[in-house]
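Student: What would the 3D arrangement of this be:
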Amino acid sequence: MKNILLPLIAALGFGTAATAQTMDAVTSARLLPGWRMEDGTHMAAVELRLAPGWKTYWRAPGDLGIPPRFDWRGSSNLAGVDIRWPTPQRIQQGEDVTIGYHDILVLPLHVLAKNPGQDVTLSGSVDLGVCRDVCMPLTISLDADLPSDATARDGRIAAALADRPLTASEAGARAVTCTVSPGKDGQLNLRAEMTLPPTGGPESAAIEAGDPNLWVAEPKLSRQGDRLIAQTRVAHSSGRAFALDRSQIRLTVVGARQAVDIKGCPAK
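Tutor: So this is what the prediction gives:
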C-alpha cells in the first residue's frame, strides 16, 4: 500500500522543478457548459488537454496513480454532480501498467440543480495526478455558468458519453463470482472469476470495493480461453479490521478493443 504515496512524495521532493513540470503538463482545462435536459438535469463536462507525452488517471488508477478528486463547494444552485467516466486506456509506465487517459479528456458531468428552472454556477477545483517521467499532483480551478435555457447538445460531450465501457451483459460476461480469504497484516485476498470473451490484446483491470476507506491493489490477471481470473488484496486505510460487501465490488477490465464494467460479485 506504500506505493500509493510515491507520486506525492516524488512531487514534494522535486519542489519548484515539479511545479514547473506540472504547469507544462496541461495545456488547457475548462468546463464545457453543455445543455439542460428534458428532466431538468444538466449535462456539462470537464475538458482537459494534456501536453504530448503526459497522462492522467482514471477513477481507480491502481497502485501508482492518483485518482481525481473534485470539490464543487464554490457552486450555486447545485444539488449534486455525477461523473460519467469514458472508457479508459491501458498506460505503460516503464514496467508498470495503469489505467487512464492522454491527449484530450472530455469528462461528462451530470449536474443536478436545486432549482431546475434557474442557471447553475459550477465552481470548484479538481485534484488529479499527471504523469510523464514522474507522477505528480496538480490542482486545477474550474468555473462556468450552466444556462437553464441551453438546449443544443455539445458533440464533444455526446461523444464522451457514448464512449463508455460495455456492461457485463453487453460484453457477454457471466458466471461472475468472488472468493474472499484472510491475508497478511489484516488484509483480505480477493479472487474474482468470470466467463468473459477476450477484450483484445494485453488486458488490465481495476477493482473498486465501494468504500473509499478501502485500498485495493492492482489485480493480477490470468486467462484460460473465455475464463478470466483476477486476484488482488484489500486493506483498510487505517489498518483496522473491515468487512467486504461483495454487492459493492466493481470490476473494470480494459483491453485494446473494449472495456467492460462489471458491478457486483456474489460469493462462489
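Student: was I right about residue 124 contacting residue 78?
Tutor: No - at 9.2 Å, residue 124 does not count as touching residue 78 under the criterion of CB atoms under 8 Å. From N, CA and C alone the C-beta is placed, and that goes for glycine too.
Student: Settle it for me: which of these two has more neighbours?
Tutor: Comparing residue 124 with residue 78 by other CB atoms under 10 Å, the one with more neighbours is residue 78, at 20 against 17.
Student: give the contact list for the residue lying closest to that one once chain neighbours are set aside.
Tutor: Among residues not flanking residue 78 along the chain, residue 120 sits closest, at 5.7 Å (CB to CB, 6 or more residues apart in numbering). By CB atoms under 8 Å, 6 or more residues apart in numbering, the contact set of residue 120 is 42, 75-78, 111, 113, 145-146, 148.
Student: that older thread, what touches both of residue 124 and residue 78?
Tutor: residue 72.
Student: ok, so what distance separates residue 123 from residue 49?
Tutor: Separation of residue 123 from residue 49 (CB to CB, to the nearest Å): 20 Å.
Student: Looking at these two, which is more packed in?
Tutor: residue 123 (18 against 14).
Student: Distance check, that one against residue 246.
Tutor: Using CB to CB, residue 123 is found at 38 Å from residue 246.
Student: Name the SS class of the residue minimising distance to the centre of the chain, please.
Tutor: Centroid-nearest residue in the chain, with CA atoms, centre = their mean: residue 59, separated by 1.7 Å. What DSSP: H, G, I helix; E, B strand; the rest coil gives for residue 59 is coil.
Student: Contact partners for it?
Tutor: 67-68, 83, 85, 208 are the contacts of residue 59 under CB under 8 Å, 6+ apart.
Student: what does residue 141 give?
Tutor: 124-125.
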